[in-house]
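Asker: predicted coordinates and the sequence they were generated for:
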Amino acid sequence: QVQLQESGPGLVKPSQTLSLTCTVSGGSITTSCYYWNRIRQPPGKGLERMGAIAYDGSTYYSPSLKSHTSISGDTSKNQFSLQLSSVTPEDPAVYYCSSDDASTVRWGQGTQVTVSS
């Protein structure tokens, strides 16, 4: 079964770019009908879907985050990555990656990200 492993820094400075990578095992990011999501949960708030990359490389972004969010895939490493530019004090959250094939959703372990100078 698909498993997802998050990696990336837990601390980023304001105005810098947050980069997080999700490594997929037990399946390929190019497997048909799979969507690879980036989701976050700020302290005391609900889950927010930031965007996704599909098995064919197409991407979707939340309209509220589109201007400073980028999601990309690396098929050679079977990974997909999130870049969030110009982070602000509103961006601290637990960041998750997940897979969705329309019948099953699987989650990475999540990464706590703090924004501080």
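Answerer: Cool, the structure landed. Residues are numbered from 1 along each chain as shown.

Asker: let me know the pLDDT of the residue nearest the centre of the chain.
Answerer: Residue closest to the average C-alpha location in the chain (CA atoms, centre = their mean): Arg38, at 2.9 Å. Model confidence at Arg38, given as pLDDT, is 98.

Asker: could you do the one 5 residues further on as well?
Answerer: The score at Pro43 is 95. That number is its pLDDT.

Asker: what sits against it?
Answerer: By CB atoms under 8 Å, 6 or more residues apart in numbering, Pro43 lies in contact with Pro92, Ala93. In short, each C-beta sits where N, CA and C put it, glycine included.

Asker: where's it relative to His68, distance?
Answerer: 20 Å (CB to CB, to the nearest Å).

Asker: do Lys13 as well
Answerer: Counting by CB to CB, the gap from Lys13 to His68 is 15 Å.

Asker: over to Thr21?
Answerer: Using CB to CB, Thr21 is found at 18 Å from His68.

Asker: of those two, which one has the most company?
Answerer: Thr21 (18 against 15; other CB atoms under 10 Å).
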